[in-house]
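[1] With the input below, show me the fold.
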Amino acid sequence: MSKSLGNYIGITEAPDQMFGKLMSISDDLMWRYFDLLSFRPNADLERLKQEVAGRAQPRDVKFELGVEIVDRFHGAGSGPRARDEFIARFQQGALPEDLAEITLTAAGGSIGIAHLLKGAGLVTSTSDAYRQLKQGAVRIDGARVEDGAITFAAGACHVFQVGKRRLARVTIALDDWFCRAASVVKLALRERRFEQVLTQRSASLYCAPFRSDPGRPVVEAVTLPAEDCRWQC
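    Next up, the predicted model:
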């Protein structure tokens, strides 16, 4: 979890917000959350994995995780209530059939929530975005958010809502320049052409100049998504 990537879950967040964020994690990542956060015995987790492998719905297993975590931080009964509210919102016709599908590019690999809402046409300006956040009018996957510092990394996809009628499913993609720069770095690393490669903060790749011409680096620093920061000379 990372606040800077917008995928953290605060222990003081409202039950519906906490449950909604847990439901937004991927089916594969769900098991990591079970390992780190659940108090259930390992035998139960193995049983759940077998059920999913046998074509049980991962969503239903994720419900169990959400109920357990919300109950822990908000008291017994809070989890089932948050689950029922989630089902009412998203599984009983709460989302419109003509929900807008929008793709935004993220220069540098991520985009802040205010610029995202403006780019998706859900607010008139970034100032309006911060105002709506402060008023509690913004929801992400059904969970209310008020933190104007949230950012979303490339690859993220969520349903954003401002007020009662402005909704859109927004996917974040890397811009073309960023993709080209990443390709250059990957090629150089494969050919061992860089003198040194260092990773910092798990989300940045810094490349030293060519050995053949130390005074003319082709790439001095390129920020890549965290999942791409695994190449080393």
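[2] Show me the protein divided up by domain.
    15-90, 100-174, 176-228 (automatic domain parsing).
[3] Quick one: the strands in the protein, in order.
    Taking DSSP state E as the test, the strands found in the chain are 100-106, 110-112, 138-140, 143-145, 151-153, 157-162, 166-174, 197-200, 204-207, 221-222.
[4] Packed most tightly, which of those strands would that be?
    strand 138-140 (a mean of 23; mean count of other CB atoms under 10 Å). C-beta coordinates here come from the backbone N, C-alpha and C atoms, glycine included.
[5] Neighbouring strands of it in the sheet, and parallel or not?
    strand 143-145 (antiparallel), strand 157-162 (antiparallel) (DSSP bridges).
[6] what's that strand in contact with?
    20-21, 24, 113, 117, 129, 132, 144-146, 158-162 (CB atoms under 8 Å, 6 or more residues apart in numbering).
[7] now swap in stretch 35-42 and tell me
    Contacts of stretch 35-42 (CB under 8 Å, 6+ apart): 34, 45, 65, 68-69, 72.
[8] One more pass at 10 Å, please.
    Contact partners of stretch 35-42, identified using CB atoms under 10 Å, 6 or more residues apart in numbering, comprise 1, 9, 22, 31, 34, 44-45, 47-48, 64-65, 68-69, 72.
[9] how about the residues you listed in a markdown table, adding distance to Thr124 and neighbour count?
    Formatted as a markdown table, the contacts of stretch 35-42 follow (distance: CB to CB, whole Å; neighbours: other CB atoms under 10 Å):
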| residue | distance to Thr124 | neighbour count |
| --- | --- | --- |
| Met1 | 32 | 13 |
| Ile9 | 30 | 20 |
| Leu22 | 32 | 24 |
| Trp31 | 41 | 18 |
| Phe34 | 41 | 20 |
| Asp44 | 49 | 13 |
| Leu45 | 47 | 15 |
| Arg47 | 50 | 12 |
| Leu48 | 45 | 21 |
| Glu64 | 41 | 17 |
| Leu65 | 38 | 22 |
| Glu68 | 40 | 16 |
| Ile69 | 36 | 24 |
| Arg72 | 40 | 16 |
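[10] would you list the residues you listed in CSV and tack on distance to Arg166 and pLDDT?
    Below are the contacts of stretch 35-42 laid out as CSV (distance: CB to CB, whole Å; pLDDT from 0 to 100):
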residue, distance to Arg166, pLDDT
Met1, 28, 62
Ile9, 25, 84
Leu22, 24, 90
Trp31, 35, 93
Phe34, 34, 94
Asp44, 41, 93
Leu45, 39, 93
Arg47, 42, 93
Leu48, 37, 93
Glu64, 32, 94
Leu65, 30, 95
Glu68, 33, 96
Ile69, 29, 96
Arg72, 33, 96
